[in-house]
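Predicted model follows, preceded by the sequence.
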Amino acid sequence: MKTLIYILALAFTIQLSAQDPIMQKDSEALESVATSITKKYDDQLGLDGKQFTLFQKKIEEFLIREEKLHEIYTGKEKLDMIYNLRKAETMEMRNILTQPQFDLYRRIKPQIQPIAITETETEVDDDSMEDDDNK
């Protein structure tokens, strides 16, 4: 009887873990991106084995969510949604990292995972260059 209960409990547990809608889209590309990002953080934070795995899964989960935002939204609305998603990601990392690691994580995150990179072209007015030469 105990064996039957254990088998049913195990089957039920496995069934529940398969229901995570975020992780159902298990993209190998996103997994490799998550691993790459985690390695960059690991160089700075010194994650232990368990932290590395949890950190990588959390990064992958948020990359999947961010990919969905890129598909649905555009412009400022997309940036606002990504900003809020990144804030949520930061708060969830608090459960994985120690306090000193978390403080460092918050400082280095903008360099490792920038929200958006904008390229601006600076046009130099020929008249302003001539004015500078005449001074």
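Sure thing, it's come through. Numbering: from 1, shown residues only.

Helices of the chain, residue ranges please.
Applying DSSP state H to the chain gives helices spanning 2-17, 28-45, 49-72, 75-93, 99-112, 126-134.

Turn the ones you listed into CSV, including mean pLDDT and mean neighbour count.
C-beta: built from backbone N, CA, C; applies to glycine. Below are these laid out as CSV (pLDDT from 0 to 100; neighbours: other C-beta atoms under 10 Å):
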stretch, mean pLDDT, mean neighbour count
helix 2-17, 62, 9
helix 28-45, 94, 15
helix 49-72, 95, 16
helix 75-93, 94, 14
helix 99-112, 96, 13
helix 126-134, 49, 8
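
Skipping adjacent residues, who's closest to Ile112 in space?
Excluding the flanking residues, the one nearest Ile112 by C-beta to C-beta, 6 or more residues apart in numbering is Lys40, at 5.1 Å.

Was I right to think that neighbour contacts Gln111?
No - the pair Lys40 / Gln111 is not scored as a contact, 9.1 Å apart, by C-beta atoms under 8 Å.

For Lys58, which non-adjacent residue is spatially closest?
Lys58 sits nearest to Glu92 (C-beta to C-beta, 6+ apart), 5.9 Å away.

my bad, Leu79
Leaving aside its sequence neighbours, Leu79 sits nearest to Ala116 (C-beta to C-beta, 6+ apart; 6.0 Å).

Give me the number of neighbouring residues for that neighbour.
8 (other C-beta atoms under 10 Å).

could you measure it against Tyr83, distance?
Computed as C-beta to C-beta, to the nearest Å, the Ala116 to Tyr83 distance reads 9 Å.
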